[in-house]
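*Asks:* would you be able to build a 3D model of this:
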Amino acid sequence: MKLIKHGEGVHYEAKNHTDCYAMNKLVVGTDTRRFTVGMSHFLPGGGAAMSSSPKERAYYVLSGSIRITGKSADYVVSPGDLMYIPAGEERAFQALGTEPATILVIIVDID
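*Replies:* Residues are numbered from 1 along each chain as shown. Prediction:
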């Protein structure tokens, strides 16, 4: 078992993200065998450019709202909502409104 307290983790610069503070809480290969858990905080208007990943992802919104855009769909995700993104699927997102958005990010290494 491992307890990660509030504020603990490793800060990292998320590729193609703007106005974002990201912190990994658990890291695949170091803390776990198959998944990474992170927390991302976005200023209003911040987000991530369109990209894809070979890993599955789930975004759970804790506060604020984000718009997630894919090739064929557009979603507004609010506190308590969970968005699953399959491996290889392109997506972009942006924090909406005037409040920061905080997202719990789960990334699954499927290889």
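*Asks:* from here on, just use CA atoms for contacts and neighbour counts.
*Replies:* Fine.
*Asks:* would you state the strands of the protein in chain order?
*Replies:* Along the chain, counting by DSSP state E, strands occupy 10-12, 17-26, 35-51, 56-63, 65-69, 74-77, 82-85, 91-96, 101-108.
*Asks:* what residues does the longest one touch?
*Replies:* Outside of strand 35-51, the residues that reach it under the criterion CA atoms under 8 Å, 6 or more residues apart in numbering are 16-28, 70, 90-109.
*Asks:* quick one: strands adjacent to that strand?
*Replies:* Take DSSP bridges as the rule and strand 35-51 pairs in its sheet with strand 17-26 (antiparallel), strand 91-96 (antiparallel), strand 101-108 (antiparallel).
*Asks:* if we can go back for a sec, which one of the strands of the chain lies nearest to residue 2?
*Replies:* Closest approach to residue 2 among the strands of the chain (CA to CA): strand 17-26, 9.3 Å.
*Asks:* residues contacting the closest one, please?
*Replies:* So strand 17-26 is in contact with 4, 8-14, 32, 35-43, 45-49, going by CA under 8 Å, 6+ apart.
*Asks:* now, of those residues, which are buried?
*Replies:* Taking 16 or more other CA atoms under 10 Å as the criterion, what is buried in those is 9, 35-43, 45-49.
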